[in-house]
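Asker: here are the coordinates; sequence isn't available:
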């Protein structure tokens, strides 16, 4: 995280837009401290086995040269349009596998060190999401990640939905069925019921 943060900061002027960097709880198959898996949203891709020595080149290609699925610097098309039209996965080193992610992705802030509120509420929401997904047989379509600090702990629980990048705050376990139903069905009426929880949108991360 520190190495990636440093390189992103060094290239901020060339990147020209803000990138939100956060850690997640997913266990990688590789136990090396110098190798990690990356999730990139709203591009909906996962990079496997990124070595610390490869970070600079990958940042150059993805963010400076804007060669991911989503061309953030291209203002002629929306993110939704680009996701539908572009199935081209970026190519990196031989050891770095790029995987297209499918379905709904729910990111829940579970960060305990900054503020106990997300650290307490977040894991409870994740349990509720996983239970509801199993109960409704949607494990192939709905995925959940515990993430670190995203800001606004007073709005705990903080939940971000991708690929739309919709950010909700003060989410409780009672909201989970509505949240998942709204985005798996793309129902405008159900999404309208979530408006009191709406914090905004994260177009890139």
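Answerer: Here it is on my side, so go on. Nothing here was measured: the structure is a model prediction, and the numbers come from that model.
Asker: now find how far off-centre the lowest-mean-pLDDT helix or strand in the chain is within its chain.
Answerer: Lowest by mean pLDDT, DSSP states H and E among the helices and strands of the chain is helix 79-85, with a mean of 78. Relative to its chain's centre, helix 79-85 lies at 17 Å (Cα atoms, centre = their mean, to the nearest Å).
Asker: tell me the buried residues in it?
Answerer: Neighbour counts using 16 or more other Cβ atoms under 10 Å place 79, 82-83 of helix 79-85 among the buried residues. The way it works is simple: take the backbone N, C-alpha and C, and place the C-beta from them, glycine included.
Asker: not counting residues beside it along the chain, what's closest to residue 83?
Answerer: The shortest distance from residue 83 to any non-neighbouring residue, by Cβ to Cβ, 6 or more residues apart in numbering, is to residue 163 (5.9 Å).
Asker: residues near that neighbour, how many?
Answerer: For residue 163, the count of nearby residues is 19 (other Cβ atoms under 10 Å).
Asker: who are the neighbours in contact with it?
Answerer: Residue 163 makes contact with 41-42, 44, 79-80, 83, 105, according to Cβ atoms under 8 Å, 6 or more residues apart in numbering.
Asker: okay, now the domains of the protein?
Answerer: Listed domain ranges for the chain are 2-100, 104-201 (source: automatic domain parsing).
Asker: those: lowest mean pLDDT?
Answerer: Of all the domains of the chain, the minimum mean pLDDT falls on domain 2-100 (a mean of 87).
Asker: quick one: terminal-to-terminal distance for it?
Answerer: Counting by Cα to Cα, to the nearest Å, you get 26 Å between the two ends of domain 2-100.
Asker: can you give me the strands in this protein?
Answerer: Assigned by DSSP state E, the chain shows strands spanning 35-40, 45-51, 97-100, 104-109, 142-147, 159-162, 166-168, 198-201.
Asker: which one, of the ones you listed, ends up nearest to residue 122?
Answerer: When the strands of the chain are compared by Cβ to Cβ, strand 104-109 sits nearest residue 122, at 5.1 Å.
Asker: report the central residue of the chain.
Answerer: Closest residue to the average C-alpha location of the chain: residue 41 at 4.7 Å, with Cα atoms, centre = their mean.
Asker: ok so, going back, save the contacts of residue 163 as JSON lines, and put in distance to residue 21 too.
Answerer: JSON lines is the format used below for the contacts of residue 163 (distance: Cβ to Cβ, whole Å):
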{"residue": "41", "distance to residue 21": "12"}
{"residue": "42", "distance to residue 21": "15"}
{"residue": "44", "distance to residue 21": "17"}
{"residue": "79", "distance to residue 21": "19"}
{"residue": "80", "distance to residue 21": "23"}
{"residue": "83", "distance to residue 21": "21"}
{"residue": "105", "distance to residue 21": "16"}
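Asker: tell me what residue 100 is bridged to.
Answerer: Assessed by DSSP bridges, residue 100 has beta-bridge partners residue 45.
Asker: that one reaches residue 90, doesn't it?
Answerer: No. At 10.9 Å, residue 100 and residue 90 do not qualify as touching, with contact defined as Cβ atoms under 8 Å.
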